[in-house]
Each structure stands twice: as C-alpha cells, then as structure tokens.
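>>> coordinates only, sequence not included:
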C-alpha cells in the first residue's frame, strides 16, 4: 500500500488480543477477500485507548503481524475492540493529532458539513485532522487541516456525529 489509502474503515469485526507483534482475532476473518493488506493501520481499543500500529502481513483469518508495536501503549487485553483503516502511516505517533482526530472524509461528508454550517467544515475531502478546543471565553472551537487531499475516500467509519453523510 502507498503512504495513505482510500478507505476510512477497512475492517473491524470481532475482537483482538496482541502478544508481541502478533494480533490474534476472535470472530475475525482477516484474510477474506483480501480486504486487509500490509500497510493498513490498526487502531486498538475504543477511542484508540491502546494506540495504533501498521500491519506488516496477514497470516490467516485470525492472525495479523504488525511492523512494530511502538505506537501501542500498555498491555492490550484479550477482547479489545479495534478498527483497520488506510489512514496515513505518518499519522501514527504524530504529536499534533490523537489517533481519534484523523478522519477519512469523503466528498459527501465534506459537502454536508460545509452546507449545514457545522463546526466540522473540512476545506477538502481526503484525510483530515480535526481538533476541538475551548478558547479563553469558554467557546468550543474546531480546527481542521487537510493532511492528504483526496476525492476517493470510501468505507465510512463511525464518525457521523462530526461528519454526517446526509
């Protein structure tokens, strides 16, 4: 895979456990229809509790090997939630954005956000970093930054609160 892909969510069925650089799934079919490939990013835990890593290879329906575990924190317990995306690999360990602040924004989400007057108004479809903060007056502010412009993002993630599809 290139440095970034086109899919906001590639796969997230079942749960996982991690031992060393080996991810073992329960209720997973990692190698089905070649959905997951080397270079995809796995985000571990609800809200990226345990961090992210890049996939090195898919061994079979229940086993994936990671390139490195440097982006993961703590011991990942069996039964952990996860999501596999094609977000930019450079976003792992980026101190400007948390794992949950990078979104794959398709053209519909971008258009809806801009016409609905949402605070989440990315200037372009693609991989977008979105951060929220409170200003000195107590107002919530949202900053968006297009990391990789792209009009072919697909595989909608669970991000409709920020970026609705309609």
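Perfect, thanks for sending it. Predicted model, so just to flag it, every value in this text is computed and none were measured.

>>> Tell me the pLDDT of the most centrally placed residue in the chain.
For the chain, the residue nearest the mean C-alpha position is residue 85 (5.0 Å; C-alpha atoms, centre = their mean). Note on residue 85: pLDDT of 88.

>>> what about the strands in the protein?
For the chain, the strands defined by DSSP state E cover 15-19, 22-26, 41-44, 51-60, 63-66, 82-85, 102-105, 126-134, 140-149.

>>> closest one to residue 35 among those?
Proximity to residue 35 (C-beta to C-beta) singles out strand 82-85 among these, at 8.1 Å. (Glycine included, C-beta is placed from N, CA and C.)

>>> now for the closest one, which elements pack on it?
Counting contacts by 3 or more C-beta pairs under 8 Å, 6 or more residues apart in numbering; DSSP states H and E, strand 82-85 packs against strand 41-44.

>>> So which elements touch the strand it packs on?
Short answer (3+ C-beta pairs under 8 Å, 6+ apart): strand 41-44 packs on strand 51-60, strand 82-85.

>>> again, only using 10 Å
Applying 3 or more C-beta pairs under 10 Å, 6 or more residues apart in numbering; DSSP states H and E, we find strand 41-44 packed against strand 15-19, strand 51-60, strand 63-66, strand 82-85.

>>> to the chain's geometric centre, what's the distance from that strand?
Distance, stretch centre to chain centre, for strand 41-44: 7 Å (C-alpha atoms, centre = their mean, to the nearest Å).

>>> Before I go, just wanted to say thanks for your time.
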